[in-house]
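**Student:** the amino acid sequence is not available; the structure is as follows:
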Ligand SMILES: Cc1ncc(C[n+]2csc(CCOP(=O)(O)OP(=O)(O)O)c2C)c(N)n1
Ligand SMILES: [Mg+2]
């Protein structure tokens, strides 16, 4: 008798799927966002088995659409930093997550995507063999290719004996910086294999932890400090440093000490807008005259077609992801680049600068702070002026709508800003005190904000989650699935649809490329959508509170009613007819 066989007589054995669920819990997966199919029979059976035995396993959140499932995992990771599991059906379910995987990859959010694969046996040779039509047509040659551009790692589980090892590897990779999605595929025959419990090894976090970002080489730090010492007009641009509180604090501290104007460009995770040096969301006017620039956690600090840097200007690039290996082209300046935890690196820069600071530098920095204050005051006045125009019936001014919302949201609320051409109004009118309380997707796949808001709510039930989308974005988000999950799992969110009657971004893009073209002459932009839609009914179908407004006079009371409903435990959907495109 072999050693394994001998052991099996004494040690209880279970299926791969049983250990798979245990392994998920061991790597810290608390939630599985699921959309099931025939591939999951072994897992569903073991879920019942483990539940019956009172054994630990992740909680299941059933999502009617995979777009919701994957984006929910993204929202959970946005709040906690911890990737969760998404379990979908073979190639077709994977295909339905592709848009979300794009968004999560570009937003550097960890997620463990998992899917079955069609069974490989057809004559009932093994438990789980093919037994239905779809098993014969759901096996493409390269299932992972459906999402491969958005993955850091992928594998098909070859045997249950390594299931926990594979999960630990998937986890270490998704959680290591820069974070992102990983993908594990499994066949039914693998999931039904039986293994003695001492054949399945544990892989502890202690020994197989993910790697984070570190500090920088002190020589490079000193080189940047020297440049700042003599800079006349330094600026700092960030896009996602706000994902860490300490990075937001480090930016503020360095900027105040050195008199640096701070911009958030094409932001995805906000820093604190309370910082006296924060001066707005477009560095376009500042870049051409900056002699020293610091890029901190950026994807697109400006559009090179619109903005040129000053000749002989010096740029430092500090980023958890300086190389952008996921982008074929990425061409922003960096006379020196430091990859690592931007907060830690900026702390190093500040310490070094403090040690070197001269009276001349301090005087120049103080003078710059006065100029920065003027810029800040001008911005605030500009925002107030825009918000003062309430719009008119049928065309509520988005700036007014957002300013009213901003008045009643607390600092802990999180805004998921999918406002597209109105995203600027959201940012300008609702400055955020706390970092990471306004999110925009790092990707361009519309339809993320509902699912992400739900996942965030699951992670932080005490906080208000506000989804803001355009009318076009609302459709992309599979809203029936979003509100179904909200109802079933008691995850109330506040959804606002800024309805400008269609795809304004598409219209504006046509006008940018062809300012005097045929489309403009004919006023034909192929952008209008159904004009008389009652979006509120989509929410109402799932027990959400719905309210449609078109008169600016109704804005404050409608927002108050919606917030009250959300606090009372159900989602609210505010359909606002805003300035038409
Ligand atoms: C999945 C997906 N399909 C298509 C697009 C292209 N696209 C970019 S913006 C936009 C219009 C969005 O309309 P809406 O949400 O109403 O915002 P608006 O442009 O009107 O401000 C479209 C279709 C996209 N980004 N993502
Ligand atoms: Mg629109």
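**Tutor:** Happy to help now that I have it. Predicted, not measured: the structure shown is a model, and the values here were computed from it. Numbering: from 1, shown residues only. Ligands and ions are numbered 1, 2, ... in the order given.

**Student:** near ligand 1 at all, stretch 142-154?
**Tutor:** No - applying Cβ under 6 Å from any ligand atom, one finds stretch 142-154 separated from ligand 1 by no less than 13.6 Å. No exception for glycine: its C-beta is placed from N, CA and C like everyone else's.

**Student:** other SSEs contacting the helix ranked longest in the chain?
**Tutor:** Criterion DSSP state H: the longest helix present in the chain is helix 359-388. Helices and strands touching helix 359-388, by 3 or more Cβ pairs under 8 Å, 6 or more residues apart in numbering; DSSP states H and E, are helix 245-258, strand 261-264, helix 398-408, helix 423-429.

**Student:** for ligand 1, find the nearest of the ones you listed.
**Tutor:** With distances scored as Cβ to the nearest ligand atom, the stretch of the helices and strands packed on helix 359-388 nearest to ligand 1 is helix 423-429 (7.8 Å).

**Student:** hmm, who's touching that closest one?
**Tutor:** With contact meaning Cβ atoms under 8 Å, 6 or more residues apart in numbering, helix 423-429 is reached by 267, 281, 383, 386-387, 398-399, 401-403, 405-406, 415, 417, 419, 438, 440, 468.

**Student:** now do the buried residues in that helix.
**Tutor:** Across helix 423-429, burial judged by 16 or more other Cβ atoms under 10 Å covers 423, 424, 425, 426, 427, 428, 429.

**Student:** columns distance to residue 462 on top of these, output as CSV?
**Tutor:** Formatted as CSV, the buried residues of helix 423-429 follow (distance: Cβ to Cβ, whole Å):
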residue, distance to residue 462
423, 26
424, 29
425, 27
426, 23
427, 25
428, 28
429, 25
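
**Student:** quick check: residues of the stretch 351-500 of the chain near ligand 1?
**Tutor:** 420-422, 444-447, 469-473, 476, 500.

**Student:** okay, and the beta partners of the residue of the stretch 451-581 of the chain found nearest ligand 2?
**Tutor:** In the stretch 451-581 of the chain, the residue that lies nearest ligand 2 is residue 470 (3.8 Å; Cβ to the ion). Under DSSP bridges, the beta-bridge partners of residue 470 are residue 498.

**Student:** my guess is it contacts residue 420. True?
**Tutor:** Yes - using Cβ atoms under 8 Å, residue 470 is in contact with residue 420, at 4.6 Å.

**Student:** so which of those two has more stuff around it?
**Tutor:** Neighbour count, other Cβ atoms under 10 Å: between residue 470 and residue 420, residue 470 has more, with 28 against 21.

**Student:** quick check: the more buried one vs residue 476, distance?
**Tutor:** For residue 470, the distance to residue 476 (Cβ to Cβ, to the nearest Å) stands at 9 Å.

**Student:** and for the residue of the stretch 51-200 of the chain found nearest ligand 1, the neighbour number?
**Tutor:** For the stretch 51-200 of the chain and ligand 1, the shortest gap (Cβ to the nearest ligand atom) falls at residue 99, measuring 5.3 Å. Number of residues near residue 99 (other Cβ under 10 Å) recorded here: 23.

**Student:** cool, and residue 341?
**Tutor:** Using other Cβ under 10 Å, residue 341 has 22 neighbouring residues.

**Student:** got phi/psi on it?
**Tutor:** phi -80, psi 110 (degrees, to the nearest 10).

**Student:** could you do the one 5 residues further on as well?
**Tutor:** Note on residue 346: its backbone torsions stand at phi -70, psi -30 [degrees, to the nearest 10].

**Student:** how close does the residue lying closest to it once chain neighbours are set aside sit to residue 159?
**Tutor:** Of all residues not flanking residue 346 in the chain, residue 250 sits nearest, at 3.8 Å (Cβ to Cβ, 6 or more residues apart in numbering). Look at residue 250 and residue 159: by Cβ to Cβ, they are 46 Å apart.

**Student:** and if you look at residue 523?
**Tutor:** Using Cβ to Cβ, residue 523 is found at 63 Å from residue 159.

**Student:** cool, and residue 365?
**Tutor:** Residue 365 is 62 Å from residue 159, where distance means Cβ to Cβ.

**Student:** looking at those two, which one has more neighbours?
**Tutor:** Remark: of residue 365 and residue 159, residue 365 carries more neighbours, 21 against 11, as counted by other Cβ under 10 Å.

**Student:** which ones are touching that one?
**Tutor:** Neighbour list for residue 365: 257, 258, 259 [criterion: Cβ under 8 Å, 6+ apart].

**Student:** host element of the residue of the stretch 51-200 of the chain closest to ligand 1?
**Tutor:** Taking DSSP states H and E as the criterion, residue 99 maps to helix 90-106.

**Student:** ok, now which ones touch the residue of the stretch 451-581 of the chain closest to ligand 2?
**Tutor:** Going by Cβ under 8 Å, 6+ apart, residue 470 touches 418, 419, 420, 421, 422, 497, 498, 499, 500, 503, 504.

**Student:** so what's the fourth one up against?
**Tutor:** By that I understand residue 421. By Cβ under 8 Å, 6+ apart, residue 421 lies in contact with 470, 500, 504, 505, 508, 581.

**Student:** redo that, cut-off 6 Å
**Tutor:** Residue 421 sits next to 504, 505 when contact means Cβ atoms under 6 Å, 6 or more residues apart in numbering.

**Student:** cool, the second one as well?
**Tutor:** With contact set as Cβ under 6 Å, 6+ apart, residue 419 has these partners: 426, 468.

**Student:** so which bits of the chain are right by ligand 2?
**Tutor:** 470, 471, 472, 500 (Cβ under 5 Å from the ion).

**Student:** can you say which of these are buried?
**Tutor:** If we count by 16+ other Cβ under 10 Å, those have these buried: 470, 471, 472, 500.

**Student:** skipping adjacent residues, who's closest to the third one in space?
**Tutor:** The shortest distance from residue 472 to any non-neighbouring residue, by Cβ to Cβ, 6+ apart, is to residue 503 (4.8 Å).

**Student:** do residue 514 as well
**Tutor:** residue 520 (6.7 Å).

**Student:** please apply the same query to residue 223.
**Tutor:** residue 336 (5.9 Å).

**Student:** check residue 124 too.
**Tutor:** Distances taken as Cβ to Cβ, 6+ apart place residue 131 nearest to residue 124, at 7.9 Å, with adjacent residues excluded.

**Student:** with residue 451 instead?
**Tutor:** Once flanking residues are discounted, residue 451 sits nearest to residue 71: 2.7 Å by Cβ to Cβ, 6+ apart.

**Student:** tell me how far that neighbour lies from residue 492.
**Tutor:** Using Cβ to Cβ, we find residue 71 at a distance of 17 Å from residue 492.

**Student:** ditto for residue 419
**Tutor:** Noted for residue 419: a distance of 21 Å to residue 492, by Cβ to Cβ.

**Student:** next one: residue 314
**Tutor:** Per Cβ to Cβ, residue 314 is found 49 Å from residue 492.

**Student:** again, but for residue 139
**Tutor:** Distance of residue 139 to residue 492, computed by Cβ to Cβ: 40 Å.

**Student:** of the two, which one has the most company?
**Tutor:** Set residue 139 next to residue 492 and count neighbours by other Cβ under 10 Å: residue 492 wins out with 21 against 16.
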